[in-house]
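build me a model from this:
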Amino acid sequence: MRRLLAAGTAIVLTVGLGTVSTSAPGPTPSTNWIGTWATAPSAGVRGTEAGYPNYSIRNVVHTSVGGHGVRVRLSNAFGTAPLTLGRVTVAVSADPSGPRAVAGSMRELTFGGAGTTVVPAGAEVLSDPVRLRVPEDGDLLVTTYTPTPSGLVTYHPLARQTSFFTRAGDFAAEESGASFVERTKAWHYVSGVDVQGAPTSRAVATLGDSITDGFASTEGANQRWPDLLSDRMIAEGRRHGVLNAGISANRLLLDEPGDPSGRNALARLDGDALSRSGVGTLIVLEGINDIQQTPHQTDPAVIIAAYRQIIAQTHARGIRVVGGTLTPFKGWMVYDETLEATRQAVNTFIRTSGAFDAVIDFDLAVRDPADPQRLLPAYDSGDHLHPGDAGYQAMADAVDLARL
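Take a look at the predicted model:
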């Protein structure tokens, strides 16, 4: 949605000593890998042309499904030089508000059997699997050590989660987390976590903007609507991996190189959503930024054409695609009747065209019955565009789990 993310989201880091933990043997080879967490890298951190040499960054990520084996995806998508990863670890978090690992859960990751790897500019790497009991609806710590200058640092700016770092050297395997005294509100390098042995063979990917990214949700509480959808599925015994490919300010049609809003949705569809492990359903909630951001798209036909292309590409991968109606924004700073008419026309297409395999009426779920162009006040974060926690819960509740 709005462009509130700037260079200040870059990290601030620490000092200390580390202990080395040996990797556990890998799980039995299997194709049954399911994504349990994901984010969409959106840009390189401005002003990091030298990278983060000698930094260890401990990313805190929240799982959906659990399993008995794990592998991690790391991205140099927006890097300008090869990225050397000197050590990478994964562990179960002992404290969602801190960097400490559960005793005995630290695992060192390898890449083709090697403890270090070099990721070319623009590329991603997938670690070898290791045995680890990954909890459902829990937190993992994914820690990277970068020993050398590596060019722009690939990141996801709006994590709504505190992670930790130190610029004092290699503490990736430190179980206590004592050296990670500095904090960041972004995820760096890490882009996905897969588990093996989950009680499901499917994952649901959610492609969207800041409303999917969780803007205005309570920080550190995992109140984004995809998180709350995962909670519902766990509670009702319909477990699926849930993967969040939302990027704040993202659009279907346009992007600006280097901007934290990321590449347009069509450009990132495959890498951020369709290619993730086990994806069987894609939920699309995107288009309000095409309408409300400059340059305003007031012709619904161009937005509808983008949806049709997303549907075609998703179906070509054998994946179901579910359309989400665009939520109200009356009272937001640029709202006017012309933009509202575009939103209404787009929502009519989503509801009635039959182009999607199913529809989630997010608009109906969060609008004010007394003034349907507005968010219900109880669901409004206060800016009249983004829901708050209660609104995100209403969105998650609007999903018919049987249609997934």
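
quick one: residue 244 and residue 82, what's the gap?
Using CB to CB, to the nearest Å, we find residue 244 at a distance of 28 Å from residue 82. The way it works is simple: take the backbone N, C-alpha and C, and place the C-beta from them, glycine included.

higher neighbour count, those two?
More crowded of residue 244 and residue 82, by other CB atoms under 10 Å: residue 244, with 28 against 14.

for residue 77, give its distance to residue 271.
Separation of residue 77 from residue 271 (CB to CB): 8 Å.

neighbour-wise, which of those two wins?
Set side by side, residue 77 and residue 271 show more neighbours around residue 77, with 23 against 17, by other CB under 10 Å.

tally of neighbours for residue 299?
By the criterion of other CB under 10 Å, residue 299 has 11 neighbours.

I'd assumed residue 342 was in contact with it.
Yes - assessed by CB atoms under 8 Å, residue 299 is found in contact with residue 342 at 7.5 Å.

is residue 399 in a helix, a strand, or coil?
Following DSSP: H, G, I helix; E, B strand; the rest coil, we place residue 399 in the coil state.

ok, residue 232 next?
Following three-state DSSP, we place residue 232 in the helix state.

which residues touch it?
By CB atoms under 8 Å, 6 or more residues apart in numbering, residue 232 lies in contact with 396-397, 399, 401.

before we move on, what about residue 192?
35, 37-39, 72-73, 243, 276-277.

from those, pick the one nearest residue 95.
Closest approach to residue 95 among the contacts of residue 192 (CB to CB): residue 37, at 17.9 Å.

what bridges to that closest one?
Beta bridges link residue 37 to residue 193, judged by DSSP bridges.

look up how far residue 142 lies from it.
Distance from residue 37 to residue 142, by CB to CB: 9 Å.

now for the two: what residues contact both?
Shared contacts of residue 37 and residue 142 (CB under 8 Å, 6+ apart): 61, 193.

what is the neighbour count of the nearest residue to residue 292 once chain neighbours are set aside?
Excluding its sequence neighbours, the residue lying closest to residue 292 (CB to CB, 6 or more residues apart in numbering) is residue 334, at 5.4 Å. By other CB under 10 Å, 13 other residues sit near residue 334.

from here on, call the first residue 55.
I'll keep to 55 as the first residue from here, and by that count the last item is residue 388.

surely residue 388 touches residue 343?
No - contact between residue 388 and residue 343 fails when scored by CB under 8 Å: they sit 10.9 Å apart.

now do the shared contacts for those two.
Counting by CB under 8 Å, 6+ apart, nothing touches both residue 388 and residue 343.

where in the chain is pLDDT low?
Where the chain drops to pLDDT under 70, the residues are 55-85.

pop the domain breakdown of it in here.
64-248, 254-457 (automatic domain parsing).

so how far is residue 180 from the residue nearest to residue 302 when sequence neighbours are not counted?
What sits nearest to residue 302 in space, not counting adjacent residues and going by CB to CB, 6+ apart, is residue 264, at 3.7 Å. Distance of residue 264 to residue 180, given as CB to CB: 28 Å.

again with residue 451
Using CB to CB, residue 451 is found at 34 Å from residue 180.

comparing those two, which residue is more hemmed in?
Shown here are residue 451 and residue 180; by other CB under 10 Å, residue 180 has more neighbours (16 against 12).

helices and strands around the helix or strand encompassing residue 450, which ones?
Taking DSSP states H and E as the definition, residue 450 sits inside helix 443-451. Helix 443-451 is packed against helix 279-289, helix 416-420, with contacts defined by 3 or more CB pairs under 8 Å, 6 or more residues apart in numbering; DSSP states H and E.

list the buried residues in that helix.
Buried residues in helix 443-451, defined by neighbour count with 16 or more other CB atoms under 10 Å: 443, 445-450.

hmm, residue 285 is touching residue 190, no?
No - contact criterion CB under 8 Å: residue 285 and residue 190 do not qualify, at 10.0 Å.

which residues touch residue 241?
The contact partners of residue 241, by CB under 8 Å, 6+ apart, come to 93, 113, 115, 209-210, 213, 215, 217.

with secondary structure added, can I get these in TSV?
Below are the contacts of residue 241 laid out as TSV (three-state DSSP):
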residue	secondary structure
93	coil
113	strand
115	strand
209	strand
210	strand
213	coil
215	coil
217	strand
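
out of these, which is nearest to residue 142?
residue 113 (10.5 Å).

so what pairs up with that closest one in the strands?
Going by DSSP bridges, residue 113 forms beta bridges with residue 196.

okay, now it: neighbour count?
Count around residue 113 with other CB under 10 Å applied: 28.

distance of it from residue 209?
Look at residue 113 and residue 209: by CB to CB, they are 10 Å apart.

hey, what's in contact with both of these two?
241-243.

pretty sure residue 399 sits in a helix.
Yes - the assignment for residue 399 is a helix, going by three-state DSSP.

who touches it in this structure?
By CB under 8 Å, 6+ apart, the residues touching residue 399 are residue 354.

what secondary structure does residue 392 sit in?
Residue 392 ends up helix, using three-state DSSP.

right, and it touches residue 353 too?
No - Residue 392 is beyond contact range of residue 353, at 10.8 Å (criterion: CB under 8 Å).

list the buried residues for the host helix or strand of residue 126?
Here residue 126, judged by DSSP H and E, is contained in strand 121-129. In terms of neighbour count (16+ other CB under 10 Å), strand 121-129 has its buried residues at 121, 123-129.

what of stretch 272-289?
Neighbour counts over stretch 272-289 (16+ other CB under 10 Å) mark 276-288 as buried.

show me which of these is closest to residue 438.
Of all these, residue 438 sits closest to residue 279, with 17.7 Å by CB to CB.

who's in contact with that closest one?
By CB under 8 Å, 6+ apart, the neighbours of residue 279 are 260, 265-266, 268, 441, 446-447, 449-450.
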